[in-house]
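Novice: Everything below, folded, please.
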Amino acid sequence: MQWKKAHFIGIGGVGMSATAKLLRDAGVAISGSDEAVYPPISTMLEAEGIAYKTPYAATNIPADVDLIVIGKNAKLIPETNAEVAAALESKKLVLSFPEVLAEVSKDKENIVVAGSYGKSTSTALLAHCLEQADLAPSYFIGAVPISPKTSARMQSGPLFVLEGDEYPASNTDPRSKFLLMQPAHLLLTPLAHDHFNIFPTPADYLKPFYELTKLLPASATMVVCVEGPLSKEFLGTITRPVVTYGLHEGDYTTANIVWGEKTHFNILQNDKIIVSIETTQLGVHNIQNIVGVAALVFTLKLMSPEQFAKGVASFKGIVRRLDRKSERTSIPIFEGFGSSFEKLQSAVAAMRQHFTDRRLLVVFEPNTIGWRSRATLEQYDMAFVGAAKVYIFNPPHDGKETELSLQDIVARVRESGIDAVGVSTADEALALIKQDLSADDCILLSSSGAMGGLVEAIPKLAEEKFPK
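Specialist: Below is the predicted model:
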């Protein structure tokens, strides 16, 4: 490795922490900083022995570093962040984490997994199955997985699995992160308009995905989901050979789904059953993820159907993607990442699919700009279909006129026919839930933020009130 010591500014980000681990595993000494770091990233960094400092300060940067990596968030700009300003003035090499990934993966055969939703789970599933088949893949997952046991790893095999994100690489580099990842093959999960602050229109959103396909070599395998609000539009413009997948449409599809704590189904290739699958993952979207990964591994002939089925059966998912939060209560409590409408809606649908005889309570924090914008208020009309009650945690505020208030959001959800209540603090939410919670309930926690510690506090409350 060309670097000996690297400092990560914004190490609390999922991509930054995973990239820091890759460098650390390659023998690079790592330091880092952030304003605040929350679980599961703080837990992951602690487990990996990667130290960091809070808050940001110019003095956090060691004098002897030869690389500084700066993350992508609004607080990492030199005008308001002294540590970032010091880094840019230091004459040290400054890179974004996608640029670092490009360097560490340059000698591998890169499989990039991109798309609007399902990409973290699909990346983790692919890495896990390849690992279980003894193919020793390297991988980078933009989330904290349960399977495999870490978010990033360098191994001896020729394949490198990379979760690719359409979001800009840094505050000074507008290129989508995945455009730096040198794909040899591509798995594209469902597409839906997202990140409205960066991509105002669906056409703006699709543009980097078109650019990504142009980076593929002629020999590349390109697997694309045919189901999704923008997926068909995207596929209609692609001229290179494509392998398609979906629940009911595409070259790879499903049949005979039997839902349960362990769900069973068949994967078909051109209407012929090629493998029978058992999975503990919840929801239609996770079946879709499994089919997409199957399409890739079977097209590339990376493993047998038996090896793939064994890998899927042992896959435990990733943190915050419908992972069960406690086994010590009779109340099923799952957390589903709620950064977009599609992710929230699929999580709600999954809970209803698997717990049909229970009342569904949803605790939701509208953390992202897409949830807090007046331009997208109509999303709340269908976001919670199937829920009995929704507790809406007070969103962060930027002071913009186009920003929704908690009262605006609660009123709109109530208009859709869902019982909704706004909560300003974690203590207020806990008091209400303690009062409302009954033995025949299930709970979905959904946010892309910390939600005031409720992700940890609500399971503890349920354990006390309804122990298993």
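Novice: Now do stretch 288-295, average pLDDT.
Specialist: Averaged across stretch 288-295, the pLDDT comes to 98.
Novice: Let me know the secondary structure of Val223.
Specialist: strand (DSSP: H, G, I helix; E, B strand; the rest coil).
Novice: what about it, neighbour count?
Specialist: Neighbour count for Val223, taken as other CB atoms under 10 Å: 29. Quick note: C-beta positions are derived from backbone N, CA and C, even for glycine.
Novice: OK, contacts around it?
Specialist: For Val223, the contact set (CB atoms under 8 Å, 6 or more residues apart in numbering) comprises 185-188, 242-245, 292, 295-296, 299.
Novice: Could you identify the buried members of the residues you listed?
Specialist: 185-188, 242-245, 292, 295-296, 299 (16 or more other CB atoms under 10 Å).
Novice: Which members of those residues occur in helices, if any?
Specialist: 292, 295-296, 299 (DSSP state H).
Novice: contacting residues around Leu230?
Specialist: 116, 191-193, 202, 205-206.
Novice: Quick one: those residues as CSV, columns for neighbour count and secondary structure too.
Specialist: As requested, the contacts of Leu230 are exported to CSV (neighbours: other CB atoms under 10 Å; DSSP: H, G, I helix; E, B strand; the rest coil):
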residue, neighbour count, secondary structure
Ser116, 24, coil
Leu191, 27, coil
Ala192, 18, coil
His193, 21, coil
Pro202, 16, helix
Tyr205, 21, helix
Leu206, 18, helix
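Novice: Can you add pLDDT and distance to Ala20 and give these back as TSV?
Specialist: Listed next are those as TSV, based on pLDDT from 0 to 100; distance: CB to CB, whole Å:
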residue	pLDDT	distance to Ala20
Ser116	94	26
Leu191	96	30
Ala192	93	30
His193	91	31
Pro202	95	34
Tyr205	96	29
Leu206	97	31
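Novice: Run through the protein and note the low-pLDDT ranges.
Specialist: The model of the chain has no residue with pLDDT under 70.
Novice: I'd like the buried ones among the contacts of Val223 as JSON lines, with distance to Leu126 appended.
Specialist: Listed next are those as JSON lines, based on distance: CB to CB, whole Å:
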{"residue": "His185", "distance to Leu126": "11"}
{"residue": "Leu186", "distance to Leu126": "12"}
{"residue": "Leu187", "distance to Leu126": "7"}
{"residue": "Leu188", "distance to Leu126": "13"}
{"residue": "Val242", "distance to Leu126": "18"}
{"residue": "Val243", "distance to Leu126": "15"}
{"residue": "Thr244", "distance to Leu126": "17"}
{"residue": "Tyr245", "distance to Leu126": "13"}
{"residue": "Gly292", "distance to Leu126": "9"}
{"residue": "Ala295", "distance to Leu126": "11"}
{"residue": "Leu296", "distance to Leu126": "7"}
{"residue": "Thr299", "distance to Leu126": "13"}
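Novice: give me the element the residue minimising distance to the centre of the chain is part of.
Specialist: Nearest to the mean C-alpha position of the chain, by CA atoms, centre = their mean, lies Ser120 at 4.4 Å. Using DSSP states H and E, Ser120 sits within helix 119-132.
Novice: Which strands and helices lie in contact with that helix?
Specialist: Contacts defined by 3 or more CB pairs under 8 Å, 6 or more residues apart in numbering; DSSP states H and E place helix 119-132 against strand 109-114, strand 138-140, strand 159-163, helix 284-299, helix 305-313.
Novice: Dump those to TSV, plus distance to Lys177.
Specialist: Output for these, formatted as TSV (distance: least, CB to CB, whole Å):
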stretch	distance to Lys177
strand 109-114	9
strand 138-140	11
strand 159-163	9
helix 284-299	20
helix 305-313	27
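Novice: before we move on, the earlier item: list just the nearest of the ones in helices among the buried ones among the contacts of Val223 to Asp323.
Specialist: Taking CB to CB as the measure, Asp323 sits nearest to Gly292 out of those, at 19.8 Å.
Novice: correct me, but that closest one touches Tyr245?
Specialist: Yes: using CB atoms under 8 Å, Gly292 is in contact with Tyr245, at 5.0 Å.
Novice: Overlap of the contact sets of these two?
Specialist: Residues touching both Gly292 and Tyr245 (CB under 8 Å, 6+ apart): 223, 225, 252.
Novice: Relative to Glu342, which of these is nearest.
Specialist: Cys225 (12.1 Å).
Novice: Could you give the bridge partners of that closest one?
Specialist: Listed beta-bridge partners, Cys225: Tyr245 (assigned using DSSP bridges).
Novice: Just list the residues touching it, thanks.
Specialist: Cys225 touches 115, 118, 188-191, 231, 244-246, 250, 288, 292, counting by CB under 8 Å, 6+ apart.
Novice: go with 7 Å
Specialist: 115, 188-190, 231, 245-246, 288, 292 (CB atoms under 7 Å, 6 or more residues apart in numbering).
Novice: Please apply the same query to Val423.
Specialist: Contacts of Val423 (CB under 7 Å, 6+ apart): 391-394, 429, 432.
Novice: cool, Val224 as well?
Specialist: Applying CB under 7 Å, 6+ apart, the residues near Val224 are 188, 231, 235, 242, 244.
Novice: Could you rerun that using 10 Å?
Specialist: With contact set as CB atoms under 10 Å, 6 or more residues apart in numbering, Val224 has these partners: 115, 186-191, 209, 213, 231, 234-235, 238, 242-246, 250-251, 292, 295.
Novice: What count of nearby residues applies to Val104?
Specialist: Val104 has 20 neighbours, counted by other CB under 10 Å.
Novice: Start the count at 3 instead of 1 going forward.
Specialist: That works, and once the first residue is 3, the last one we named lands at Val106.
Novice: all strands of the stretch 53-202 of the chain, in order?
Specialist: 69-72, 95-97, 111-116, 140-142, 154-155, 161-165, 187-190 (DSSP state E, counting those that start in this stretch).
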